[in-house]
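the following comprises the amino acid sequence and a computationally predicted model.
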Amino acid sequence: MADPVRITFLGGLGEIGRNCAALEVAGRIMLLDCGLMFPDIEMPGIDLVLPDFTWLRENADRVEGCIVTHGHEDHAGGLAFLLRELSFPIYGSALTLGLARNRIEEAGVLGRTRLVPVRDGERRRIGPFDVEFIPVTHSVPHGFATAFHTPQGVILHSGDFKLDMTPVDGRLTDLARIGALATDPGIRLLLSDSTNAEEPGHTASERSVGEVLRDLFGEHDDKRIIVTCFASHIHRVQQIAEAALAHGRTIATLGRSMGKNVALAREMGLLRIPDAALVDIERIGDVDPARACVISTGSQGEPMSALALMAAGENKWLRVGDGDLVILSSHAIPGNEGAVSKVIDGLYRLGVEVVHSGLADVHVSGHAMQGELQTLLSVAHPRYFIPVHGEYRHLTHHARLAVRMGVAEERVLLAEDGDVVELTDDGIDFAGEVPAGYLYVDGIVGDVGHGVLRDRRVLSEEGVVVVVVTVDARSGEVLTGPEIITRGWVYAPEAEALLDEARQAVVASLEAAADVGATDFETLKRRVRTALGRFVNERTRRRPMIVPVVMEV
Ligand SMILES: [Zn+2]
Ligand SMILES: [Zn+2]
């Protein structure tokens, strides 16, 4: 009997974001990614969402390290938070570590980790883990699939990947190595990216975007051109720069993360822009607009981003108008469509010409579509399969795809956040659950509970009614008030009569309480809340938050 191997899913199976899994071999834990998720509109005031770290906290002494598959925030953004509580080394490509380092450093926890770079194709022992780093193509360079050689056979995790046959840097997804592993010793379990499992066909090569950009630059030779994309998409930045250089333009970057990442990638030799072609954004005004190109952040319409400020006419460095072309080289992430749409409207109002992915092929996805997922399934030929990285519907479609590709239905597991699966000599099965709820972060600490969120939702949708009243502690007689203050329920200056009635309802409830001798503070508060809540609901059919402030003297 070989030792069992466990995998605990802490995030990313049920949502796009906060990817985090934990492998257990010989009692030790290796984390595979530790990402964050950006909040949706149902989470007012929340900056970001993390995996639930409860289980990791309880098993802190067993954590050997964390492997980060690539530099995206949904894979590395949680580390700065986890490192406050735990201390462990982090493994990844040099670029991945460079991108992850910023947030860790800003959080002041760089001293609690060791960043260990690994090379393409490297096979490495880390404690009881024997892991191989296999190159994959994705929308950030130098991503890895990982193959764990375990007592229960090879476990292959695809990472975020696509099969780009003509990648900008020539670094291909190493299907040959995956094929070799499939032959000898065979791949027992495959975990694979499900993001685009609903999309038929294949993703276009990143290189195709370059051609479209070059054409657009050619067609708009009389305008200043501003292109936005994700700051970590170094290959996209490279292609924008090449289009600009081909048309003799000078380049400036705009947005903090764009500046940082361009500097990092140039330093590492991953981005080729000659010094002479770069100018600081402060000096872009000196350049003939028809010879200038600005590469900017803000492609998701984020409210304070460079692009959103531009659209509002409030960008410190750039005033845009009818002499400008803005290219949004991106897709809106689900949930961001409204914000992106608003930014585009703002730009048109200023007279700016806008090109986005709905008008031209200025973006391609970094995630494999069905055709590519099928290719991986057929090359890896796994005995068992678990879809990862996706909402439940993506996981479901990917599971069906695997069955169609010949993986027996009973050997496909549809796992979700919090599930523990165990590989033994007999096969694979669910082996328990761990806490995997959302950890909400507002500001810098993850201390926002569901209660706080519920309050915020009520406040934003229904408003608040505060009632302040002073009563005699012995008799229960009302001494001052009740005073009613409201925000978001009714507009007080125009609702005097209604507020009068509300005050009477409160007084009546306090008198009724005094009649039965109920004078303790908690009871009075509860009665006031109930009476006022009922009145508000009966008269206005609304349910604002009721806050009773009862003072006894
Ligand atoms: Zn991802
Ligand atoms: Zn990614």
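Everything's here; your move. This is a predicted model, so every value here is computed, not measured. Numbers count the residues shown, from 1 in each chain. Ligands and ions are numbered 1, 2, ... in the order given.

now stretch 455-473: mean pLDDT?
If you average the pLDDT over stretch 455-473, you get 81.

can you give me the end-to-end span of it?
Start-to-end span of stretch 455-473 (CA to CA, to the nearest Å) is 30 Å.

stretch 287-301 now?
Per CA to CA, stretch 287-301 runs 27 Å from first to last residue.

would you mind listing the buried residues in that stretch?
287, 292, 293, 294, 295, 296, 297, 298, 299, 300, 301 (16 or more other CB atoms under 10 Å). Every C-beta, even on glycine, is put in place using the N, C-alpha and C of the backbone.

same question, stretch 110-123
So, applying 16+ other CB under 10 Å, buried residues of stretch 110-123: 112, 113, 115, 118.

for the buried residues of stretch 287-301, give me JSON lines that also has secondary structure and pLDDT.
JSON lines is the format used below for the buried residues of stretch 287-301 (DSSP: H, G, I helix; E, B strand; the rest coil; pLDDT from 0 to 100):
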{"residue": "287", "secondary structure": "coil", "pLDDT": "95"}
{"residue": "292", "secondary structure": "strand", "pLDDT": "97"}
{"residue": "293", "secondary structure": "strand", "pLDDT": "98"}
{"residue": "294", "secondary structure": "strand", "pLDDT": "97"}
{"residue": "295", "secondary structure": "strand", "pLDDT": "97"}
{"residue": "296", "secondary structure": "strand", "pLDDT": "96"}
{"residue": "297", "secondary structure": "coil", "pLDDT": "94"}
{"residue": "298", "secondary structure": "coil", "pLDDT": "92"}
{"residue": "299", "secondary structure": "coil", "pLDDT": "90"}
{"residue": "300", "secondary structure": "coil", "pLDDT": "90"}
{"residue": "301", "secondary structure": "coil", "pLDDT": "88"}
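
mind putting those residues into JSON lines with distance to ligand 2?
Converted to JSON lines, the buried residues of stretch 287-301 look like this (distance: CB to the ion, whole Å):
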{"residue": "287", "distance to ligand 2": "34"}
{"residue": "292", "distance to ligand 2": "31"}
{"residue": "293", "distance to ligand 2": "26"}
{"residue": "294", "distance to ligand 2": "25"}
{"residue": "295", "distance to ligand 2": "20"}
{"residue": "296", "distance to ligand 2": "21"}
{"residue": "297", "distance to ligand 2": "17"}
{"residue": "298", "distance to ligand 2": "19"}
{"residue": "299", "distance to ligand 2": "15"}
{"residue": "300", "distance to ligand 2": "14"}
{"residue": "301", "distance to ligand 2": "20"}
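
specify which member of the residues you listed is nearest to residue 82.
residue 300 (24.9 Å; CB to CB).

isn't the closest one right up against residue 332?
Yes. In this structure, residue 300 is within contact of residue 332 by CB atoms under 8 Å, at 6.5 Å.

so for those two, which residues contact both of them?
339, 340 (CB atoms under 8 Å, 6 or more residues apart in numbering).

in the stretch 151-300 of the chain, what residue lies closest to ligand 2?
For the stretch 151-300 of the chain and ligand 2, the shortest gap (CB to the ion) falls at residue 160, measuring 3.5 Å.

ok, the closest residue to ligand 2 within the stretch 351-500 of the chain - how many residues close by?
The nearest approach of the stretch 351-500 of the chain to ligand 2 comes at residue 366, 6.1 Å away (CB to the ion). Other residues within reach of residue 366, judged by other CB atoms under 10 Å, total 25.

before we move on, what about residue 200?
Quick note: residue 200 (other CB under 10 Å) scores 8 neighbours.

swap in residue 184?
Quick note: residue 184 (other CB under 10 Å) scores 7 neighbours.

near ligand 2, which residues of the stretch 151-300 of the chain show up?
Taking CB under 5 Å from the ion as the criterion, the stretch 151-300 of the chain approaches ligand 2 at residues residue 160.

let's see 8 Å
For the stretch 151-300 of the chain, the contact set with ligand 2 under CB under 8 Å from the ion comprises 159, 160.

in the stretch 151-300 of the chain, which residue sits closest to ligand 1?
Taking CB to the ion as the measure, the stretch 151-300 of the chain has residue 160 as its residue closest to ligand 1, at 4.3 Å.

which residues touch residue 246?
Contact analysis of residue 246 by CB under 8 Å, 6+ apart lists 214, 217.

which single residue in the stretch 1-150 of the chain comes nearest to ligand 2?
For the stretch 1-150 of the chain, CB to the ion, closest residue to ligand 2: residue 72, 3.7 Å.

next, count neighbours for that residue.
If you count neighbours by other CB under 10 Å, residue 72 ends up with 26.

before we move on, the earlier item: quick check: closest non-adjacent residue to the residue of the stretch 351-500 of the chain closest to ligand 2.
Using CB to CB, 6 or more residues apart in numbering and skipping the chain neighbours, the partner closest in space to residue 366 is residue 139 (2.8 Å).

next: residue 159.
Distances taken as CB to CB, 6+ apart place residue 69 nearest to residue 159, at 3.7 Å, with adjacent residues excluded.

so that neighbour touches residue 33, yeah?
Yes. The criterion here is CB under 8 Å, and residue 69 meets it with residue 33 at 5.7 Å.

and the two? Which one has more around it.
residue 33 (31 against 28).

which residues does the more buried one contact?
12, 19, 20, 21, 66, 67, 68, 69, 75, 76.

now the helix or strand encompassing it: mean pLDDT?
With elements taken from DSSP states H and E, the one containing residue 33 is strand 28-34. Mean pLDDT, strand 28-34: 98.

distance from that strand to the middle of the chain?
19 Å (CA atoms, centre = their mean, to the nearest Å).

ok so, going back, list the contacts for the nearest residue to the residue of the stretch 151-300 of the chain closest to ligand 2 once chain neighbours are set aside?
For residue 160, ignoring the flanking residues on the chain, the nearest one in space by CB to CB, 6+ apart is residue 138 at 4.9 Å. For residue 138, the contact set (CB under 8 Å, 6+ apart) comprises 70, 159, 160, 161, 162, 366, 367.

Throw these into CSV and include pLDDT and secondary structure, thanks.
Listed next are the contacts of residue 138 as CSV, based on pLDDT from 0 to 100; DSSP: H, G, I helix; E, B strand; the rest coil:
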residue, pLDDT, secondary structure
70, 98, coil
159, 98, coil
160, 98, coil
161, 98, coil
162, 98, strand
366, 96, coil
367, 97, coil
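
of all residues in the stretch 401-550 of the chain, which one is closest to ligand 1?
residue 417 (14.6 Å).

that residue contacts residue 11, correct?
Yes. At 5.7 Å, residue 417 counts as touching residue 11 under the criterion of CB under 8 Å.

looking at the two, which one has more neighbours?
A side-by-side neighbour count of residue 417 and residue 11, using other CB under 10 Å, places residue 11 first with 27 against 22.

run through the bridge partners of the more buried one.
Taking DSSP bridges as the rule, residue 11 bridges to residue 20.

who's in contact with it?
17, 18, 19, 20, 35, 37, 50, 51, 52, 78, 417, 436.

residue 34 too?
19, 20, 51, 66, 68, 75, 76, 77, 78, 79, 82.

find the pair from those with maximum spatial separation.
51 and 68 (13.8 Å).

up against ligand 1, what does this structure have?
12, 16-17, 19, 35, 70, 72, 74-75, 160, 193, 195, 367, 389.

now with 5 Å, please.
Residues of the chain lying near ligand 1 (CB under 5 Å from the ion): 74, 160.

ok now the longest strand anywhere in the chain, how far from the chain's centre?
Longest strand in the chain by number of residues (criterion: DSSP state E): strand 478-487. Distance of strand 478-487 from its chain centroid, counting by CA atoms, centre = their mean, is 44 Å.

and that strand, which residues are buried?
478, 481, 482, 484, 486.

next one, pLDDT for the second one please.
Confidence at residue 481, expressed as pLDDT, is 82.

tell me the contacts of it?
Counting by CB under 8 Å, 6+ apart, residue 481 has contacts 467, 468, 469, 470, 503.

among those residues, which are located in helices?
For the contacts of residue 481, membership in helices holds for residue 503, with DSSP state H as the criterion.

and the contacts of residue 481 as TSV, adding distance to residue 340?
Shown next, in TSV, are those (distance: CB to CB, whole Å):
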residue	distance to residue 340
467	43
468	44
469	48
470	52
503	47
